[in-house]
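Chemist: A predicted structure for the sequence below; I have some questions about it.
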Protein chains: 2
Amino acid sequence: MPDLNLLTPKGFRAAGVACGIKTKAGTPDLALLVADVPAAAAALFTTNKFVSPSVILDRRVIRAGRIRAIVVNSGNANACTGAQGLKDAKTMAAIAAKSVGVKPAEVLVGSTGIIGHFLPMEKVSAGIREAAGRLEATPAAAEAFARAIMTTDLVMKMSAAQGPIGAAVVTVAGVCKGSGMIAPNMATMLAYLTTDANIGPAALKAALKAAAEVSFNAITVDGHNSTNDTVAVLASGAAGGPEIASGTPEFAAFSSLLFNVCQELAQKIVADGEGATRVVEVHIEGARSDKDARLAARAVANSPLVKCAVNGGDPNWGRVVSAVGYSGAKMDERKFRHWIGDLLVFDAGMPTGFDRAAAEALMRRPRVLLRVDLGLGSASYTCWTCDLSKEYVSINADYHT
Amino acid sequence: MPDLNLLTPKGFRAAGVACGIKTKAGTPDLALLVADVPAAAAALFTTNKFVSPSVILDRRVIRAGRIRAIVVNSGNANACTGAQGLKDAKTMAAIAAKSVGVKPAEVLVGSTGIIGHFLPMEKVSAGIREAAGRLEATPAAAEAFARAIMTTDLVMKMSAAQGPIGAAVVTVAGVCKGSGMIAPNMATMLAYLTTDANIGPAALKAALKAAAEVSFNAITVDGHNSTNDTVAVLASGAAGGPEIASGTPEFAAFSSLLFNVCQELAQKIVADGEGATRVVEVHIEGARSDKDARLAARAVANSPLVKCAVNGGDPNWGRVVSAVGYSGAKMDERKFRHWIGDLLVFDAGMPTGFDRAAAEALMRRPRVLLRVDLGLGSASYTCWTCDLSKEYVSINADYHT
């Protein structure tokens, strides 16, 4: 559905402008999203114990469950900025609220970029006012919002899904940013979603948590978990119909749309991982418990040796096997099986004598599947990462604070 | 003490030969160490749940507490080789035992190299017999042993320390190998130590565990924990004097010698980490508990973003701070302080406005100190790692199984 965008859900307007936070003139760095009515809202935040002032503020604001606006700047994370940083985040909310005619307590604030520097508040304030004057519900406005939240991203990331829920046609849409410092629990990642579904804050939060667990929380670029990560969703209710309640077929249908959008956005982040040349799907099945499946999957996905092997297109099953071995997950060598794609390469403690050329071809695809069956139970988990390239080192060694 | 070597402790002989396991002809790949009398012995092994047959065998053999010989091959890890692998490990022990006139149950076996391939047993057997015919107690023999256990190591790694214990002069010496797949709990690392101290197996094991915890278990190159890691120490008792008992001043003196040797060997492994250009010491203090200190230190040391920053010589305190933030350790932003070397760069939630040129100079030293005071208690932990370079990716992406 190529025509869907962040503003397809009825009841939202957005804008993105360049206000000079980023060094390069004219680069969009201030984004504003406004709901025509108080939208039901839910949000999830970083689990890092260092959190930016914007997250401190948003955690309070979201409790009310209704939001009118989201204001985001890129180029400066306003993190590790102490009391001044919190004051600046509140000022962003206040200026946005005044500019669009809502209350400061109805505004979420997001920041992403360099940490340890105070926000240039004059530029930010002017940017918010300019954005407020340009609000539209057009595809161009949706794209402007998406571009204005980008930092080291090479591509803009949008996704949307639409389907019938009862008599209504509901759209869920979203944009996100993030390419480095990505780890389970939403590291250096901002995602903003809109929907016109008629759903209350509690059901919305339940749906968001479930969707994030198997999408945003199942991706890792470098195991690093940042200070500002946020995923927020606003529901305008403009699609009409009765309110969607948890545990109903309508809730399942809505959750499915939301999951599809979250999953596509998460996949776009991994594909745009710093220096990434391939996406790796790590699938663990046959685990004794959900926890074991997650431990094993994340150990494989975070292993620099596995990620280098994928970069080199080398079917190095030994690195996968040994990563599961140190993950902490229960395992029995005699029941352990490992496939690259659909090729069984390791069975019951030994390599299978697989066709090496076939295995290499599977390792050189744009998407590589590393699958392990622990043979001990029925729990499974899938996560996604990218390869580790020389380019990743360049980006992160040559990048200077 | 440049003249000390693995065979300075009285009561040992060694040899190292090339028997053709490694592809390049003439490269040493078979090492043998023999104790003149049944030596008190202690060993620690990988915590990976996949273990090589040599580790399975050694875990049984070491229980008796007395060892006469250690036989090690490099170039082939004999890992993921199933029942045949265990048979081959036993054959190595049997041939070594027969060649030097001891019992198979008194022989430890080590293997390191590629995994998933059967050992070429004809070559291995011939190599063991040749080595048995060349046993000597000379510095050249010590070096031959050290060279024959190397794989991707760029430098040979030896260390020794000597001191008085009561009326005796005791020497502790060791050799080790390892440069990739290094992580806490001794990943892809073999270390063999000798001493002429008069100490029993139980006290020896206690001393080894304590020394390894703050040396071999405190280093990480890539967080990867392998299938074959072993550190073993043999004590001949030839230095004389009464048997050293746990909890005595003599035990403390012996432990200190052992720690010095383990620590120097561990440091040499990190310095020779794949692609390493700098050693990084991560020191956490002021933690609420030992566990918190360890969690925080290892999160920093295993962060690819921190390691890339060190590679680029960039004083990127934000990556250190955020790594501690997601480590799971208890922390309070207001009490958190971080130094690069002796330069305070982050204090109470904010950067200090430090001298950037000075910080960069500290980041460009051959040894970089990253120090954090959590300000919450008195527990501390230090670990060591190396930077993450493009060369690391080259080595591990271009290396083919």
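Modeler: Sure thing, it's come through. Residues are numbered from 1 along each chain as shown, chains lettered A, B, ... in the order given.

Chemist: From here on, just use CA atoms for contacts and neighbour counts.
Modeler: OK.

Chemist: What residues does the residue nearest to A:Arg356 when sequence neighbours are not counted make contact with?
Modeler: Leaving aside its chain neighbours, A:Arg356 sits nearest to A:Pro315 (7.8 Å; criterion: CA to CA, 6 or more residues apart in numbering or on different chains). By CA atoms under 8 Å, 6 or more residues apart in numbering or on different chains, the contact list for A:Pro315 reads A:309, A:340, A:356, A:359-360, A:363, B:401.

Chemist: and what of A:Val368?
Modeler: A:Val368 sits in contact with A:278-281, A:310, A:340-341, A:362, where contact means CA under 8 Å, 6+ apart.

Chemist: which SSE is it in?
Modeler: Per DSSP states H and E: A:Val368 is located in strand A:367-373.

Chemist: Report the strands that pair with that strand, each with its relative direction.
Modeler: strand A:279-287 (parallel), strand A:337-340 (antiparallel) (DSSP bridges).

Chemist: Report the distance from the helix or strand containing A:Ile269 to the chain centre.
Modeler: Take DSSP H and E as the rule and A:Ile269 turns out to sit in helix A:249-271. Taking the mean of its C-alpha atoms, helix A:249-271 sits 11 Å from the chain's own mean (CA atoms, centre = their mean, to the nearest Å).

Chemist: by contact count, what packs against that helix?
Modeler: strand A:157-165, strand A:168-177, helix A:201-213, strand A:219-220, strand A:379-386 (3 or more CA pairs under 8 Å, 6 or more residues apart in numbering or on different chains; DSSP states H and E).

Chemist: If we use 6 Å, what do you get?
Modeler: If contacts are counted by 3 or more CA pairs under 6 Å, 6 or more residues apart in numbering or on different chains; DSSP states H and E, helix A:249-271 sits against strand A:157-165.

Chemist: tilt between the strand it packs on and helix A:249-271?
Modeler: Per axes from the mean of the first three to the mean of the last three CA atoms, to 10 degrees, the angle that strand A:157-165 makes with helix A:249-271 is 170 degrees.

Chemist: just the angle between strand A:157-165 and strand A:168-177, please?
Modeler: Using the same axes, to 10 degrees: strand A:157-165 against strand A:168-177 is 170 degrees.

Chemist: how about strand A:157-165: buried residues?
Modeler: Neighbour counts using 16 or more other CA atoms under 10 Å in any protein chain shown place A:157-162, A:165 of strand A:157-165 among the buried residues.

Chemist: ok, residues contacting it?
Modeler: A:4, A:169-176, A:250, A:257, A:261 (CA atoms under 6 Å, 6 or more residues apart in numbering or on different chains).

Chemist: Please flag which of the contacts of A:Pro315 sit within strands.
Modeler: Among these, the ones falling in strands (DSSP state E) are A:Ile340.

Chemist: so what's the closest residue to A:Gly273 other than its chain neighbours up against?
Modeler: Of all residues not flanking A:Gly273 in the chain, A:Ser179 sits nearest, at 4.4 Å (CA to CA, 6+ apart). Contacts here follow CA under 6 Å, 6+ apart; on that basis A:Ser179 touches A:153, A:269, A:272-274.

Chemist: Most neighbours among the residues you listed, which one is it?
Modeler: A:Ile269 (30 neighbours; other CA atoms under 10 Å in any protein chain shown).

Chemist: Quick check: it vs B:Phe251, distance?
Modeler: Per CA to CA, to the nearest Å, A:Ile269 is found 56 Å from B:Phe251.

Chemist: and if you look at A:Val310?
Modeler: Distance from A:Val310 to B:Phe251, by CA to CA: 49 Å.

Chemist: neighbour count winner among the two?
Modeler: Neighbour count, other CA under 10 Å: between A:Val310 and B:Phe251, A:Val310 has more, with 29 against 20.

Chemist: Find the nearest non-adjacent residue to the more buried one, please.
Modeler: Spatial nearest neighbour of A:Val310, excluding adjacent residues (CA to CA, 6+ apart): A:Asp387 at 5.6 Å.

Chemist: For the one you found, the count of nearby residues, please.
Modeler: 32.

Chemist: I'd say it and A:Leu305 touch.
Modeler: No. Shown here, A:Asp387 and A:Leu305 do not form a contact pair, counting by CA atoms under 6 Å, at 9.6 Å.

Chemist: joint contacts of the two?
Modeler: With CA under 6 Å, 6+ apart, A:Asp387 and A:Leu305 have no common neighbours.

Chemist: any low-confidence regions in chain A?
Modeler: Confidence mapping of chain A against pLDDT under 70 gives the ranges A:1-2, A:180-187, A:222-226, A:399-401.

Chemist: Spell out which parts of the stretch 1-150 of chain A neighbour chain B.
Modeler: Proximity of the stretch 1-150 of chain A to chain B (CA under 6 Å from any CA of the partner chain) is limited to residues A:48-50, A:80-82.

Chemist: now do 7 Å
Modeler: Applying CA under 7 Å from any CA of the partner chain, we find that the stretch 1-150 of chain A lies next to chain B at A:47-50, A:80-82, A:115-116.

Chemist: domain assignment for chain A?
Modeler: Here the domain parsing of chain A from automatic domain parsing is A:12-271, A:279-398.

Chemist: Many thanks, have a good one.
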